[in-house]
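**Student:** coords please:
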Amino acid sequence: MNIPDFYKIYTPITAQPFENSEEHTEIAPCDALKPFIRCFWGSKKPYVKTGNNSRLIIPDTCMDIVFNIDYTDNRISNRFCGIDDASFISDYTERQGRFVSAFGIRFYPWSAIVFAEEDIRSVKNGFFDVGQYFPKLKKAIEPRLFDTVTIADRIKIAEDYLLKNLHSERLNMTVLTALDMLIQRKGNVKIDFLARDLHISKRQLERLFREYMSIAPKCLSTLVRYQCLWQETLFNRGFNFMDAVEKYGYTDQSHLLKEFRKYHSMTITDAKTKALKDVAFLQDK
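**Tutor:** Here you go, the predicted model:
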């Protein structure tokens, strides 16, 4: 199946998009996996966990598989994180002082189903053992994580598995077309109009989105709008609130600020300050 190239213009980011340290880095996949994998991420190599263990997780519209390797206790833990519609703090206090590493695979909202072996319609806001939805992937990758040290070596293992187990036939063309329209419009779209343009009922569109991405189209469109706004506040030096209100279809500036805070748990100014601290840190090194 040919995948619309909307993934080329939609690159969801985290609350710390500039972070690039020994503990956490993000690396793009090979070209064949770019329509499906947002990035691979994790520690560049094993390290002793020190300092602040908390991390703000914002709704980035993605789903993640995460492996945490603890060399101190000689064990591996894992989790599959479904798509979120709220921010939260991820705390790894229990790993303080341990020799650890991490490896993650980040899927776009439409692509987890391509590799999953179970129905994913109920994964929203959930955390699961990787084996519940990706038993073959867990079996192929997890046992090899102790034997590989660098993230580059782990990516090679993951890409080899993903390329051999890529089932694009599981994608739904109506869902992809809807996503294309939704992303092209930066989330500023009415679901009634979207369903009408697709010549299906609103109820049918909602059923398809929940089946293939575990999220309602209205919720996803709002999250895409928030993500596009978050990126513009960071990367557009000429960012203007009133222009953004019109561009993204907010009622007024108050509506924009309230919705951003709802999903980011802080103001736009505080969010930018927190994100840009990583840039200052890297420039000082």
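**Student:** can you pull the contacts of residue 183?
**Tutor:** Counting by C-beta atoms under 8 Å, 6 or more residues apart in numbering, residue 183 makes contact with 6, 9, 10, 224. Yep, even glycine has a C-beta here, placed from its N, CA and C like the rest.
**Student:** ok, now how distant is residue 9 from residue 185?
**Tutor:** Plainly put, residue 9 is 11 Å away from residue 185 if you go by C-beta to C-beta, to the nearest Å.
**Student:** ok, those two, which is more surrounded?
**Tutor:** Neighbours per residue, other C-beta atoms under 10 Å: of residue 9 and residue 185, the larger number sits with residue 185, 18 against 11.
**Student:** what distance do you get for that one to residue 126?
**Tutor:** Between residue 185 and residue 126 the distance is 28 Å, computed by C-beta to C-beta.
**Student:** next one: residue 136
**Tutor:** Distance check for residue 136 against residue 126: by C-beta to C-beta, it reads 20 Å.
**Student:** over to residue 103?
**Tutor:** 21 Å.
**Student:** more neighbours, these two?
**Tutor:** With other C-beta under 10 Å as the criterion, residue 103 and residue 126 differ in neighbour count, and residue 103 comes out ahead with 25 against 17.
**Student:** spatially central residue in the protein, please.
**Tutor:** Residue closest to the average C-alpha location in the chain (C-alpha atoms, centre = their mean): residue 62, at 2.7 Å.
**Student:** now the closest residue to that residue other than its chain neighbours: which helix or strand?
**Tutor:** Counting by C-beta to C-beta, 6 or more residues apart in numbering, residue 62 lies nearest to residue 106, which is 5.0 Å off, once chain neighbours are set aside. Using DSSP states H and E, residue 106 sits in strand 99-107.
**Student:** and for residue 156?
**Tutor:** With DSSP H and E as the criterion, the answer for residue 156 is helix 151-164.
**Student:** show me what the lengthiest helix in the chain is packed against.
**Tutor:** With DSSP state H applied, the helix covering the greatest number of residues in the chain is identified as helix 217-235. For helix 217-235, the helices and strands in contact under the criterion 3 or more C-beta pairs under 8 Å, 6 or more residues apart in numbering; DSSP states H and E are helix 173-184, helix 191-198, helix 202-213, helix 241-248, helix 253-264, helix 268-284.
**Student:** quick one: contacts for residue 171?
**Tutor:** Listed by C-beta under 8 Å, 6+ apart, the contact partners of residue 171 are 1, 3, 110, 113, 114, 212.
**Student:** mind checking how far it is from residue 202?
**Tutor:** Distance, residue 171 to residue 202, using C-beta to C-beta: 21 Å.
**Student:** helices of the stretch 1-150 of the chain, start to end?
**Tutor:** Under the criterion DSSP state H, counting those that start in this stretch, the stretch 1-150 of the chain contains helices at 112-115, 130-133, 135-141.
**Student:** just the CA atoms of the first one, as PDB, please.
**Tutor:** This points to helix 112-115. Output for helix 112-115, consisting of C-alpha atoms alone and laid out as PDB, is shown next (Å, rounded to 0.1, in the frame of the first residue of the first chain):
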ATOM      1  CA  ALA A 112       1.800   0.700  15.700                       C
ATOM      2  CA  ILE A 113      -0.900  -1.500  14.200                       C
ATOM      3  CA  VAL A 114       1.500  -2.300  11.300                       C
ATOM      4  CA  PHE A 115       3.700  -4.200  13.800                       C
END
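**Student:** which outside residues touch it?
**Tutor:** With C-beta under 8 Å, 6+ apart as the test, helix 112-115 has contacts from 36, 63, 107, 120, 123, 133-134, 137, 162, 165-168, 170-171, 212-213.
**Student:** select only the buried ones of these in PyMOL?
**Tutor:** Of the contacts of helix 112-115, the buried ones can be selected in PyMOL as follows, counting by 16 or more other C-beta atoms under 10 Å:
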select buried, resi 36+63+107+120+123+133+134+137+162+166+171+212+213
